[in-house]
Every structure is written in structure tokens, then in C-alpha cells.
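**Student:** From the sequence below, what's the structure:
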Amino acid sequence: MAQQGYLLDTHCWLWWHIDPDKLGQRAFQLIEDGNNEIFFSVVSAWEITIKYALNRIKLPFPPDSYIPKRLEKSYMDVLPIHLEHTLRVGQLPPYHNDPFDRLLIAQAYTEHLTVITKDALFKQYKIETAW
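**Tutor:** I've put the predicted structure just below:
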């Protein structure tokens with residue numbers, strides 16, 4: 001069976017580690033399935049760090065220790081931000097205003113990944129989503 005690639009939206013990565021019951025059943029199963037390649041984007045690390053600094057999210061530890069420790073214990077691959085991803089953002093229709101989500105969408109489009117997200121706005125783009 002061929003490996004399928006999935007990109008986690010930031011809230012899904014956080015819920016996976018903090019409150020997995022918030023994930024949809026299919027989302028949970030896709031993340032758990034060892035045949036799937038799961039990606040954590042540097043975009044999400046950036047978003048988490050900014051929101052933590054603004055007291056918009058709570059974590060058990062600061063992001064500079066929390067994120068690397070969680071990634072060390074997981075089988076997820078880190079997806080860096082490439083120039084092609086940032087240029088793709090400018091080609092996206094303006095359905096979604098969140099710059100983090102727009103960059104995740106551009107990464108998914110460029111890398112041919114399915115995004116695991118609860119955010120319905122992602123479905124308006126020409127990418128696959130799962131929840």
C-alpha cells in the first residue's frame with residue numbers, strides 16, 4: 001500500500017498532543033495509521049510561538065522546549081518553508097485571511113498533501129482535506 005502524505009493544521013497538532021478527543025474520528029485514525037506520512041509544518045511552529053507569546057494559547061511548557069520534545073517523540077516529519085510555498089500564497093484566492101493557514105494551504109498544494117483540519121475554509125481551495 002502506497003504511503004499517503006498528510007499535513008496537520010496547527011490546531012490538529014495541538015489537539016493531538018493536548019486533547020486528542022477534540023479530533024474528528026477520521027482525523028485521529030489518519031494520524032494513528034503508521035502507513036501514512038504525517039507532516040508538521042514550520043508554519044505551525046511559528047504560529048504556536050506567536051500565539052503563545054500573545055497569551056492566546058496555553059502550553060505545559062514554552063514552545064521552544066514543548067515543540068521539539070513533542071516532535072522527538074513522534075514519527076512526524078517537519079515540513080520546512082520553501083520559496084515556492086511563499087510564492088504560491090500570492091496565487092491563492094482570498095477565501096482565507098489567516099496568513100498561517102494560507103501558507104499551510106500553499107504547502108499542501110505544492111507538496112500534494114492532504115490537510116487534516118477542522119477549518120471549513122480549507123475546502124474552498126483546490127486541495128484535499130480530511131477531518
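
**Student:** Run through the helices of this protein in chain order.
**Tutor:** 10-18, 25-32, 42-53, 63-72, 83-89, 99-111 (DSSP state H).

**Student:** In TSV, list those helices along with mean pLDDT, distance to residue 130 and mean neighbour count.
**Tutor:** Where you see a C-beta, it was placed from the backbone N, CA and C, and this is true even at glycine. Formatted as TSV, the helices of the chain follow (pLDDT from 0 to 100; distance: least, CB to CB, whole Å; neighbours: other CB atoms under 10 Å):
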stretch	mean pLDDT	distance to residue 130	mean neighbour count
helix 10-18	97	10	21
helix 25-32	97	6	16
helix 42-53	99	16	18
helix 63-72	97	21	15
helix 83-89	98	20	14
helix 99-111	98	11	22
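
**Student:** So which of those helices is nearest residue 4?
**Tutor:** When the helices of the chain are compared by CB to CB, helix 25-32 sits nearest residue 4, at 8.1 Å.

**Student:** and of the helices of the chain, who's closest to residue 123?
**Tutor:** That would be, of the helices of the chain and by CB to CB, helix 99-111, which comes in at 10.5 Å.

**Student:** between that closest one and helix 42-53, what angle do the directions make?
**Tutor:** Helix 99-111 runs at 170 degrees relative to helix 42-53, counting by axes from the mean of the first three to the mean of the last three CA atoms, to 10 degrees.

**Student:** Which elements pack onto helix 99-111?
**Tutor:** Judged by 3 or more CB pairs under 8 Å, 6 or more residues apart in numbering; DSSP states H and E, helix 99-111 is in contact with strand 4-8, strand 36-41, helix 42-53, helix 83-89, strand 114-116.

**Student:** Surely residue 63 and residue 46 touch.
**Tutor:** No - counting by CB atoms under 8 Å, residue 63 stays clear of residue 46, with 9.6 Å between them.

**Student:** Cool, thanks, signing off.
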